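**Q** predicted model and sequence follow; I will ask about them next.
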Protein chains: 2
Amino acid sequence: MSAEPPVPETSVLAVASHVVSGHVGNKIAVFVLQSMGCDIAALNTVQFSYRQWKGTRVSAQEITDLWDGLKQSYLDRFDMMLSGYVPGAAAVEAVGNIAKELKEKARSKPGSFFWVLDPVMGDNGKLYVADDVVPAYRGLIQHADLILPNQFEAEQLSEVKITDSASLRRAIEVLHTKFNLPHIVITSVSLPLSDSQAASPTRTMSVVGSSRTSAGAARLFKIHFPVFDCYFSGTGDMFAALMVVRMREAVYKAPSGTLRDAPSWLSPDDVDPLSLPLTKAAEKVLASMHEVLSRTCEAMEAEMRRETADGGLLLQTQGLSEEEAQKKLHLVRSRAAELKLVRNLGCLRSPNIEYRAEKM
Amino acid sequence: MSAEPPVPETSVLAVASHVVSGHVGNKIAVFVLQSMGCDIAALNTVQFSYRQWKGTRVSAQEITDLWDGLKQSYLDRFDMMLSGYVPGAAAVEAVGNIAKELKEKARSKPGSFFWVLDPVMGDNGKLYVADDVVPAYRGLIQHADLILPNQFEAEQLSEVKITDSASLRRAIEVLHTKFNLPHIVITSVSLPLSDSQAASPTRTMSVVGSSRTSAGAARLFKIHFPVFDCYFSGTGDMFAALMVVRMREAVYKAPSGTLRDAPSWLSPDDVDPLSLPLTKAAEKVLASMHEVLSRTCEAMEAEMRRETADGGLLLQTQGLSEEEAQKKLHLVRSRAAELKLVRNLGCLRSPNIEYRAEKM
């Protein structure tokens, strides 16, 4: 494993949830960013014990207070910001105000601040935030440099139902033009986007992204990847943190050498979709994700074997009601499916790229 | 840098403060523990923006609720626990109850749970917690396996004023016998403990530790190290997190192979002070600390040069009152002195041991 971080010194403000146990939100994002050599300010929007069992939300006012505290201590210099789960519309606006302030401060130095926004709202056709969070994000994304919605969130923001390649393209075009968004990556597109994909026996999904041209046209790429037959938590947060690092890396390694000073790190119009820093970044991110998920799957199977050895788990559920027993089984399975990251740092730093981007 | 973690799979509950910016409390402890391959549950006792500017304390009730949430999700299996800064006596008791519960659960399997307690109360003769935190810790430490007070905190707990080698030894003996503490490391002893130390032109301090024998006798060691002419924050938290890892490593690598099953990992009486796992651990921890602090010093000097170049900092303080200007200078200096860890992971994983333990 290389000891040399992939990015130059990078100061990132990470705003997301904190869980005591488990690997979601800032709990995984902060570790990923730090392991890649970034200096992190971590503003936690909630503290839950695990998923959503017990804990406390941080109010919009507390978010603003924490930000004021940073400013008063002259700790408000950031190269990048990553925002993830924020509970409620007022808190989303409070986080948006921080990003807008940082953007305004960087106005005279294009490229010196870059906001990656993960508009966490829901998945698979269901919102898991309050309804008013959707318009709150619609009012904010015009200020972001890169957004990372899943397919459902992209539909919510663009108001385009994604059912095929054409509507997918349209959704991205709306985000580029109506919201003036420089970079978009849709992290989980579950349409078959090619014949080979439709014919494959392995279930695959795609990441689809685009960096706009100066005229607002999309430069689309897609990357297919196989889906593990397992439910993981925190993959979106890990994806987002890795994108922060790999995007900066790709921009700092771009051949021209001046991209880092371009507004929103937008490549010149003659740069091909497959040569975009966004595309290079997404390839590396997916490679890391795939390695971590495959290690997690292996470890999970081993752990479930241990749990069920000699009827152990069955014994533990004796005396419980059917519902309680099911709940216990579910929780044990969830625990076993936690991302296995801390002992697999090599997957983050130097992954093998197996899945390559294609033009759409 | 080796990719192989120094410890077998290790699940740690880390209870301490969270700061958005900076490297103190859980912000540094969690990263250190994760970087060394431990799986961490991080229970944050406060969220402050930086040091103590703005933010919120977590109540004793919230701490208990978070713990209940973990139990309800079957996430209460831990190999080790590290507790640091806890705001107020009620919260200290809530944290103590968690540790006692974990200890009770592990009773039938000696060595399967180990609590490292950093009794954060004050430094240099001054308490920075409420007065009632001191008796709260005095009531708790009998349940800990290893405590990591600084000299002032050791005095508070033992009620022995440390002025020379004899009183230092007495303080440790009181902690071993009156509180039945298995392992003690006093992290910053500023007495000259040897002639060579008194004569040295470099300012030095010592770490002094002991693991008790079955009869409760101390097995004392000391390690001298040079002091940097600079004020750092978070060194105690980094020391504690590293001790967690290195103690477990030393116990798991102990020649007998059965130490891991001994109550509180206490070595047989015939083990010499310099061969104790505690001693080996402290040597490695100090080596890492020294490397990180020396990198931090270099970076700090470079940063202060940048800040003051062309009168930059002076210009920024123009128009401020004398008091405001001093405050700004202090904050800029504090920021520059933040521990430089994320880009120096090698210092954690494979430090060069320069300062060796001696018998006292």
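**A** Ah, there it is. Note that the structure is predicted; figures quoted are calculated from it, not measured. Residues are numbered from 1 along each chain as shown, chains lettered A, B, ... in the order given.

**Q** when you work out contacts or count neighbours from here on, use the C-alpha atoms and nothing else.
**A** Noted.

**Q** could you point out the helix or strand that follows the helix or strand harbouring residue A:153?
**A** If you go by DSSP states H and E, residue A:153 is part of helix A:151-158. Later in the chain than helix A:151-158, the nearest helix or strand by DSSP H and E is helix A:165-177.

**Q** C-alpha coordinates for that next one, PDB please?
**A** Provided in PDB are the C-alpha atoms of helix A:165-177 (Å, rounded to 0.1, in the frame of the first residue of the first chain):
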ATOM      1  CA  SER A 165     -31.800   5.800 -21.900                       C
ATOM      2  CA  ALA A 166     -33.700   8.700 -23.500                       C
ATOM      3  CA  SER A 167     -35.400   9.800 -20.200                       C
ATOM      4  CA  LEU A 168     -32.100   9.300 -18.300                       C
ATOM      5  CA  ARG A 169     -30.400  11.600 -20.800                       C
ATOM      6  CA  ARG A 170     -33.200  14.100 -20.400                       C
ATOM      7  CA  ALA A 171     -33.000  14.100 -16.600                       C
ATOM      8  CA  ILE A 172     -29.300  14.900 -16.800                       C
ATOM      9  CA  GLU A 173     -29.900  17.600 -19.400                       C
ATOM     10  CA  VAL A 174     -32.500  19.200 -17.100                       C
ATOM     11  CA  LEU A 175     -30.100  19.200 -14.200                       C
ATOM     12  CA  HIS A 176     -27.300  20.700 -16.400                       C
ATOM     13  CA  THR A 177     -29.500  23.400 -17.900                       C
END
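
**Q** tell me the angle it makes with helix A:151-158.
**A** 50 degrees (axes from the mean of the first three to the mean of the last three Cα atoms, to 10 degrees).

**Q** what's the first helix or strand after helix A:165-177?
**A** That would be, after helix A:165-177 and using DSSP H and E, strand A:183-189.

**Q** what about the closest residue to chain B within the stretch 151-300 of chain A, helix or strand, and which?
**A** Per Cα to the nearest Cα, residue A:299 is where the stretch 151-300 of chain A lies closest to chain B, at 11.8 Å. Assigned by DSSP H and E, residue A:299 belongs to helix A:277-308.

**Q** how about that helix: buried residues?
**A** Within helix A:277-308, the residues that count as buried by 16 or more other Cα atoms under 10 Å in any protein chain shown are A:277-293, A:295-297, A:299-300, A:303-304, A:307.

**Q** mean confidence score for that helix?
**A** Mean pLDDT, computed over helix A:277-308, is 93.

**Q** in the stretch 201-350 of chain A, where is pLDDT below threshold?
**A** Along the stretch 201-350 of chain A, the model assigns pLDDT under 70 to residues A:310-314.

**Q** what residues does it put near chain B?
**A** A:328, A:331-332, A:335, A:342-343, A:345-346 (Cα under 8 Å from any Cα of the partner chain).

**Q** how much space between residue A:97 and residue B:325?
**A** Residue A:97 sits 28 Å away from residue B:325, going by Cα to Cα, to the nearest Å.

**Q** correction: the previous question concerned residue A:215.
**A** 48 Å.

**Q** and residue A:351, by the same measure?
**A** For residue A:351, the distance to residue B:325 - Cα to Cα - is 48 Å.

**Q** need the contact list for the closest residue to residue A:120 other than its chain neighbours.
**A** Once flanking residues are discounted, residue A:120 sits nearest to residue A:85: 5.3 Å by Cα to Cα, 6 or more residues apart in numbering or on different chains. Going by Cα atoms under 8 Å, 6 or more residues apart in numbering or on different chains, residue A:85 touches A:15-17, A:25, A:45, A:118-121.

**Q** let's see it at 7 Å
**A** Counting by Cα atoms under 7 Å, 6 or more residues apart in numbering or on different chains, residue A:85 touches A:16-17, A:25, A:120.

**Q** are we agreed that it is in a strand?
**A** No. Assessed with DSSP: H, G, I helix; E, B strand; the rest coil, residue A:85 is coil; it does not lie in a strand.

**Q** those strands in chain A, which residues are they?
**A** Assigned by DSSP state E, chain A shows strands spanning A:11-19, A:39-48, A:55-57, A:80-83, A:114-117, A:122-123, A:126-127, A:146-147, A:183-189, A:204-211, A:220-226, A:358-359.

**Q** who wins for proximity to residue A:68 among those?
**A** Across those, residue A:68 has its closest neighbour in strand A:39-48 (12.1 Å, Cα to Cα).

**Q** what's the nearest residue to residue A:325 if we skip its chain neighbours?
**A** Using Cα to Cα, 6+ apart, the nearest residue to residue A:325 is residue A:317, at 5.3 Å.

**Q** dig out what residue A:185 forms beta bridges with.
**A** residue A:209 (DSSP bridges).

**Q** now do the contacts for it.
**A** Counted by Cα under 7 Å, 6+ apart, residue A:185 has contacts A:147-149, A:207-210.

**Q** before we move on, back to that, for the strands of chain A, give me a markdown table that also has distance to residue B:140.
**A** As requested, the strands of chain A are exported to a markdown table (distance: least, Cα to Cα, whole Å):
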| stretch | distance to residue B:140 |
| --- | --- |
| strand A:11-19 | 27 |
| strand A:39-48 | 26 |
| strand A:55-57 | 25 |
| strand A:80-83 | 40 |
| strand A:114-117 | 45 |
| strand A:122-123 | 44 |
| strand A:126-127 | 46 |
| strand A:146-147 | 49 |
| strand A:183-189 | 49 |
| strand A:204-211 | 52 |
| strand A:220-226 | 52 |
| strand A:358-359 | 61 |
